[in-house]
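Asks: the following block contains a protein sequence and its predicted model.
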Amino acid sequence: MSLLEIRNLHICLPEGSERPFAVEAVNLDLAPNEILCIVGESGSGKSLTARAVMGLLPKPHVRVTHGSIKMDGEDLVNVSDARMREIRGSDISMIFQEPMTALNPVMTIGDQIDEVFRFHVSMKKKERRQKALALLSDVHLPDPLQIMLAYPHELSGGQRQRAMIAMALALDPKILIADEPTTALDVTTQAQILKLIKEMQASHNTGVLFITHDFGVVADIADRVAVMQQGKLVESGTTDEVLNNPQHPYTQALIAAVPSLSPRQPRDQSAEPVLQVEALTKVFRSGGGFFGFGGEERMVKAASDVTLELRKGETLGIVGESGSGKSTVARCIVRLVDADDGKILLNGTDLRPLSRAEMRPLRANIQMVFQDPFASLNPRTRVGKIISQGPLIQGVPIKEAQAKARELLSIVGLDKRAYDRYPHEFSGGQRQRIGIARALALNPDVLVADEPVSALDVSIQAQILKLLDKIRERMTLSMIFITHDLRVAAQVCDRLAVMRYGEVVETGPTAEIFANPQAAYTKELLAAVPGQSWSTA
Amino acid sequence: MSHASKRLRYVLKRLLQAFPIVLAIVVVNFFLLHMAEGDAVDVLAGEAGSATPEYMAELRKKFGLDQPLPVQLLVYLKNVFTFDLGYSFRHEMPVLDLVLDRFIPTLLLMISTIILAVGVGIVLGLLAASGLNTWRDTMISVFALVTYATPLFWVGLMFIVIFSLNLGWFPTSGMKNVAAFNDPWSWANIKDVAHHLVLPTITLSLFYLALYTRLMRASMLEQAGMDYVTTARAKGLTERRIMFVHVLRNALLPVVTMAGVQVGALIGGSVIVESVFAWPGLGMLAFEALFARDLNLLLGIFLLSALLVVAVNLIVDIIYSSLDPRIEVG
């Protein structure tokens, strides 16, 4: 018998939305001691399905209109608010994507766990404390006594998610809903958290409803998989069936879009370097000063002694986890951040000591594509102007710059009419295309792309990567490609530099690093990539 | 380092930083006031009506006003360091005594105003946000809008007309009844001062109250949409608990910040209110001193105000760091 039974679920959207139902005619079953993954891209309705189970839809505009959600036979759609409150946190609990914002920033972890007990069971204070401590050590947090008194910002991302899991499992729920619980975490932390969820699920006999967009994660954790597209359930089955023998064309397309972990064939290389970074160092300081009354000075070595070489026509990947300094290096190279020491040789000229005015004519040779396609385009400027601004500043006649902008729009696969529109009229993938067109407008020799696809859905990501490939061939670009995703790196980069704590720990051809990693950290990173067994199968 | 010693270190650092700030304020004020035309002697001579230039020169010499400015400044600074703020020719009293005497009423008015404005503002904002788009919210928002837009002095005058003259509930002006009570801590005296304090406090706080109401409402609504509120709901907490424990504390932070910034501005606002209600505070004194060209007195008032603002900022920062654990003092 199934623990959770969702039948013919419809969730309506507010009037005037692009479709009437966020979730339409969805049927799902979750058995005890089972992990069911709901996979889909953004807007597929997977998160709303999960929230409907918890009764956490943003009512009254978004609500369940038909169908039933039965937990052990009790229909959760029609229970009273009071009963639903009883169920939440005790029978069904939930963990979220971003543990920093999901925890109250001004309350200690101990208090936040304690609340769950206080509102569901009557226990003495001492007993509650004992249980909370036991929970924290169950999720392998070091020094539970200290963690109890800590505020969320004092923990690392992985520790916060462990604390969230401890809180969710406090009352031994029958169902745990995990909404993209590892998306915001680094790959090595993600591997640990996935392991923890599996371990907890096995020891507590919990049914887990796991929402994700990442097929690698699905392969690692799921017993069964349900694929959603545009609010509809397109395919469901066991993990093996869905991943290795997908029936629905959408599932097939999604799986095909997942970058393979086996590196691409190396291309012919020229040995001529375009960009050489030598012993680049950047230290961020804060605090200190004022006759020693300012508290300890904090120093973060974001880049120390970074040496890289980018050859003509190649793509050099810089991979690393958050805080590894990969973005700082990129920003130093394009002179958005001033490095403290070292050399940045672009075609033999050292960029580092140049003033703003001296740098300006050279800017045309090195351009950047940013991570967030929503924040990196000025919302008040028309797309045509965004693209042509660069050439205009460099002294290109206005007619020529405009013609070039139109040409670039068609190169990056956008309609000509995009020229007179504003950025908000475009989707994330389209905006990233605009960002690429903007960077290309100056005919740069070197393109620095800082996580250009990490904010995009997997199918859009595949398109953008294809586009970058096409452009690179056509314009003989050399590219520095920064990413945290080793799958993407495998498909895009000719050579890799692996960074950690501001240092380059290993460099070499992509295929060699994947086949035979030398540094311990590279091995760890490669081992943590989710879904390896599946992708090699 | 432990939390307590960190905090002590922070307070020390701030006090040390306050020193050059206050010094700079004294110097700037000194030159500013000397840039204005006329001095105390001009005013005295004008009032006497028949002062000869020789007599005026003699007076200037007596007051040390014939010295070059830098010398006057150095003398003044030396005096300030020895807690001698000079002598007010106008009031014929040492400035320090005069200023300290007037400081208590101003402090009283400021503290009661802050408590009323912040306290009621928070409550009203909370009520408005918890009944979003109901008649309660609308009423509070309209009230806030009207008080926000009404000038202080007009409110003060209307209060006097309605509550003092027509209804006779409160005295029109002053801080005490003429029949003075000798013991300042006697119950009768406290009651009398409190009675006199009601109208000025309400008048001065109305504007800020409206501001904090709006800020609190907006802040509550913003916080109510945060992820941690969803988490709290997912834990099965009651809406009451979520509102009063989770949202409230986070929503308070911008209000405390704003209130801290505005305490300084309150001294400025209190000049009008003190004039309207004849409240014997620093604002009134400053007003009088300005017209009497009593520069020593003005400088004394400015110095005290500067010290007050520095102290209040420090207190607010400490309150803030205990409300928000993410803010580290240091």
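Replies: Done, it's in.

Asks: list the contacts of residue 155.
Replies: You didn't say which chain, so I picked chain A. Residues near A:Leu155 by C-beta atoms under 8 Å, 6 or more residues apart in numbering or on different chains: A:Ile109, A:Ile147, A:Ala163. All C-beta atoms are positioned from the backbone trio N, CA, C, and that covers glycine.

Asks: not quite, I wanted chain B
Replies: B:Val155 is in contact with B:Thr147, B:Thr203, B:Leu206, counting by C-beta under 8 Å, 6+ apart.

Asks: likewise for A:Phe210?
Replies: A:Ile35, A:Leu36, A:Cys37, A:Ile38, A:Ala178, A:Pro181, A:Ile197, A:Val217, A:Ile221, A:Ala222.

Asks: helix/strand/coil for A:Ile482?
Replies: Three-state call for A:Ile482 (DSSP: H, G, I helix; E, B strand; the rest coil): strand.

Asks: in the sheet, who's paired with it?
Replies: A:Ile318, A:Asp450 (DSSP bridges).

Asks: surely A:Lys363 is in contact with A:Ala441?
Replies: Heads up, residue A:363 is Arg, not Lys. No: A:Arg363 is beyond contact range of A:Ala441, at 11.5 Å (criterion: C-beta atoms under 8 Å).

Asks: how about residues contacting the worst-scoring helix or strand of chain B on mean pLDDT?
Replies: When the helices and strands of chain B are scored by mean pLDDT, DSSP states H and E, helix B:40-48 comes last with a mean of 71. Outside helix B:40-48, the residues that touch it by C-beta under 8 Å, 6+ apart are B:51, B:55-56, B:59-60, B:63, B:65, B:89-90, B:292-295.

Asks: rewinding a little: I'd like the contacts of A:Phe210 laid out as CSV, including neighbour count and distance to chain B.
Replies: Output for the contacts of A:Phe210, formatted as CSV (neighbours: other C-beta atoms under 10 Å in any protein chain shown; distance: C-beta to the nearest C-beta, whole Å):
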residue, neighbour count, distance to chain B
A:Ile35, 24, 19
A:Leu36, 21, 18
A:Cys37, 27, 20
A:Ile38, 27, 17
A:Ala178, 28, 12
A:Pro181, 30, 12
A:Ile197, 25, 16
A:Val217, 22, 21
A:Ile221, 22, 21
A:Ala222, 24, 22
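
Asks: just these: which are in strands?
Replies: Under the assignment DSSP state E, these contribute A:Ile35, A:Leu36, A:Cys37, A:Ile38, A:Ala178 to strands.

Asks: check which helix or strand A:Pro246 maps to.
Replies: Taking DSSP states H and E as the definition, A:Pro246 sits outside all helices and strands.

Asks: and the gap between it and A:Glu278?
Replies: Relative to A:Glu278, A:Pro246 is positioned 48 Å away (C-beta to C-beta, to the nearest Å).

Asks: quick one, which of those two is more surrounded?
Replies: Neighbour count, other C-beta atoms under 10 Å in any protein chain shown: between A:Pro246 and A:Glu278, A:Pro246 has more, with 20 against 16.

Asks: just the strands in chain B please.
Replies: Shown for chain B, the strands assigned by DSSP E span residues B:87-88, B:93-94.

Asks: what residues does the stretch 51-200 of chain B have near chain A?
Replies: Within the stretch 51-200 of chain B, no position lies close to chain A (C-beta under 8 Å from any C-beta of the partner chain).

Asks: pLDDT below threshold where in the stretch 51-200 of chain B?
Replies: Applying pLDDT under 70 to the stretch 51-200 of chain B flags residues B:178-184.

Asks: how about it: which residue is closest to chain A?
Replies: Residue nearest to chain A within the stretch 51-200 of chain B (C-beta to the nearest C-beta): B:Asn133, separated by 12.3 Å.

Asks: what about that residue, how many residues nearby?
Replies: With other C-beta under 10 Å as criterion, B:Asn133 counts 9.

Asks: can you give me phi and psi for it?
Replies: Per-residue torsions, B:Asn133: phi 60, psi 20 (degrees, to the nearest 10).

Asks: pretty sure A:Ile513 sits against A:Thr522.
Replies: Yes: with contact defined as C-beta under 8 Å, A:Ile513 counts as touching A:Thr522 (6.4 Å).

Asks: please enumerate the shared neighbours of the two.
Replies: What both A:Ile513 and A:Thr522 touch, as defined by C-beta under 8 Å, 6+ apart, is the set A:Val498, A:Glu506.

Asks: pick out whichever of these two has more residues nearby.
Replies: A:Ile513 (27 against 21).

Asks: which SS state does the more buried one fall under?
Replies: Assignment for A:Ile513 (three-state DSSP): helix.

Asks: again, but for A:Gly413
Replies: coil.

Asks: for A:Ala178, see how far away the closest residue to B:Asp227 other than its chain neighbours is.
Replies: Distances taken as C-beta to C-beta, 6 or more residues apart in numbering or on different chains place A:Thr101 nearest to B:Asp227, at 4.0 Å, with adjacent residues excluded. Relative to A:Ala178, A:Thr101 is positioned 16 Å away (criterion: C-beta to C-beta).

Asks: returning to what we had before: dump the ones in strands among the contacts of A:Phe210 to a markdown table, plus pLDDT.
Replies: Shown next, in a markdown table, are those (pLDDT from 0 to 100):
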| residue | pLDDT |
| --- | --- |
| A:Ile35 | 93 |
| A:Leu36 | 94 |
| A:Cys37 | 94 |
| A:Ile38 | 94 |
| A:Ala178 | 93 |
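
Asks: just those residues now: which is nearest B:Leu152?
Replies: Distance to B:Leu152 across these (C-beta to C-beta) is lowest for A:Ala178, with 55.6 Å.

Asks: how about the lengthiest helix in chain B: buried residues?
Replies: The longest helix of chain B (DSSP state H) is helix B:187-224. For helix B:187-224, the buried set under the neighbour-count rule, 16 or more other C-beta atoms under 10 Å in any protein chain shown, comprises B:189, B:192-193, B:196-197, B:199-217, B:219-220, B:223-224.

Asks: what does stretch A:257-275 give?
Replies: Buried residues in stretch A:257-275, counted by 16+ other C-beta under 10 Å: A:Ala257, A:Val258, A:Pro259, A:Leu261, A:Pro263, A:Pro273, A:Val274, A:Leu275.

Asks: wait, is A:Ser260 part of a strand?
Replies: No: per three-state DSSP, A:Ser260 lies outside any strand segment and is coil.

Asks: good, we can wrap up now.
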